[in-house]
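below is the sequence, then the predicted model.
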Amino acid sequence: MKRFIAIVLSAVSALAVSTLAIAQTKEVTIGYQDMVVPYRVAQEAKELEKATGYKINWKQFGGGGEVIKAMASGAVQIGEIGSAGIAAAVSRGEPLEVFWILDDIGSAEALVVKKNSGIKTVADLKGKKIAMPFNSTTHFHMMVALEQAKINPADVQILNMRPPEVRAAWQRGDIDATFIWDPVLAEAKKDGTVILTSGKISADTGKATFDGYVVNRDWAKANKDFMVKFVKVLAAADDNYRKNKAKYGKDSAEAKAIAKWSGAKQEDVADSMALYAFPTAQEQATKWLGGGKDSIAAKALAATADFQLSQKQIEKKLPDYSTAVNPSYVQEAMK
């Protein structure tokens, strides 16, 4: 999943120069995180490099905020970011657009509590310590869950930690609960109990969360052919997983590749991926990205921005979040 916001704005002129220079050299830097998704197999096989002829510089980041900061500086042109990070970035004026949904988070992010903690419902979190990355998709859904349970957030000790810090705090017994994603979630489940998932929150409230690929808008326009080919590679990787899930077992080359790029344990890959939904290219073109204001992505970003505005994480909302969603590359790839 997944997913922090630490926006650092850069000079627009410097970003434009950097973007143009990279576009002319057929080279791109792509920021990725620890999401356990089918595309990792294509990364390992260098499918994007083969399809486009571009030199791809893969750079791993610990959270969405770091990706956004790198994109704002011009150092990264394409990045994996959770919907909370995307909403905050575009609300603050970053020239980014979502062009592919990596995953519909569903049950892949969950609120897990220590066994024997006595916590059985969200209401039981009063006075307890719960950790997650602030301004992430899980932070958003945690606040939604507290609101649904009529719990004042001030009555819960909510701690801001990146996934590696959450893992360490969980192992030390410093926290009672965490709302997190794999690979940390898989480890926490071994001595913890899931009491709520993002999928359940989305179903109950209509406030969906997702992980997406975003691109600098100007870079994408200057590299349209690359963008279309990238989408084709992404769609093929997801399609291969949907049709051949049995091939992603713990001893498979696929699981090994996904573990290598995500940091997940190889034996946990199949179970982790089963928690996500991976929208097809058709679903992305017509429902997730296509549809203007009514697209799933645009509505999810708007709902997230409402939360961020209420938390004073952003100063204002955009009137229309479909301006940050671009279905054209998927639609072109399907022709």
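Arrived safely, thanks for sending.

and the residue lying closest to Gly173 once chain neighbours are set aside, what does it touch?
Closest residue to Gly173 apart from its sequence neighbours, by C-beta to C-beta, 6 or more residues apart in numbering: Lys114 at 7.6 Å. In short, each C-beta sits where N, CA and C put it, glycine included. By C-beta atoms under 8 Å, 6 or more residues apart in numbering, Lys114 lies in contact with 173, 176-177, 191-193.

closest one of those residues to Leu289?
Leu289 has its nearest neighbour among the contacts of Lys114 in Ala177, at 33.8 Å by C-beta to C-beta.

mind listing the strands for the stretch 1-150 of the chain?
Under the criterion DSSP state E, counting those that start in this stretch, the stretch 1-150 of the chain contains strands at 27-32, 55-60, 78-82, 96-104, 109-114, 129-132.

pull the residues that contact the second one.
When contacts are defined by C-beta under 8 Å, 6+ apart, strand 55-60 is touched by residues 25-34, 43, 46, 48-49, 70, 76.

what's the closest of these to Lys207?
Gln33 (21.6 Å).

just the buried members of the contacts of strand 55-60?
The neighbour count (16 or more other C-beta atoms under 10 Å) marks 28-34, 43, 48, 70, 76 as buried among the contacts of strand 55-60.

now the residues you listed in a markdown table, with pLDDT and distance to Gln308?
A markdown table is the format used below for those (pLDDT from 0 to 100; distance: C-beta to C-beta, whole Å):
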| residue | pLDDT | distance to Gln308 |
| --- | --- | --- |
| Val28 | 98 | 29 |
| Thr29 | 98 | 27 |
| Ile30 | 98 | 26 |
| Gly31 | 98 | 21 |
| Tyr32 | 97 | 24 |
| Gln33 | 93 | 20 |
| Asp34 | 89 | 23 |
| Gln43 | 98 | 31 |
| Leu48 | 98 | 32 |
| Ala70 | 97 | 21 |
| Val76 | 98 | 22 |
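
now those in a markdown table, with distance to Gly82?
A markdown table is the format used below for the buried ones among the contacts of strand 55-60 (distance: C-beta to C-beta, whole Å):
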| residue | distance to Gly82 |
| --- | --- |
| Val28 | 21 |
| Thr29 | 20 |
| Ile30 | 16 |
| Gly31 | 13 |
| Tyr32 | 13 |
| Gln33 | 8 |
| Asp34 | 11 |
| Gln43 | 19 |
| Leu48 | 21 |
| Ala70 | 15 |
| Val76 | 16 |
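
point out where this structure drops to low pLDDT.
1-24 (pLDDT under 70).

tell me how it divides into domains.
12-105+209-333, 107-205 (automatic domain parsing).

just the buried positions in the strand or helix carrying Glu187, please.
Assigned by DSSP states H and E, Glu187 belongs to helix 184-189. Across helix 184-189, burial judged by 16+ other C-beta under 10 Å covers 184-188.

what element comes up after that helix heading to the C-terminus?
Following helix 184-189 in sequence, per DSSP H and E, is strand 192-197.

and that next one, how far out from the chain middle?
Offset of strand 192-197 from its chain centre (C-alpha atoms, centre = their mean, to the nearest Å): 20 Å.

the stretch 201-335 of the chain: helices as residue ranges?
217-222, 224-243, 253-262, 269-273, 281-283, 296-310, 328-333 (DSSP state H, counting those that start in this stretch).

Phe134: which of those is closest?
Closest among the helices of the stretch 201-335 of the chain, using C-beta to C-beta: helix 296-310, at 10.9 Å.
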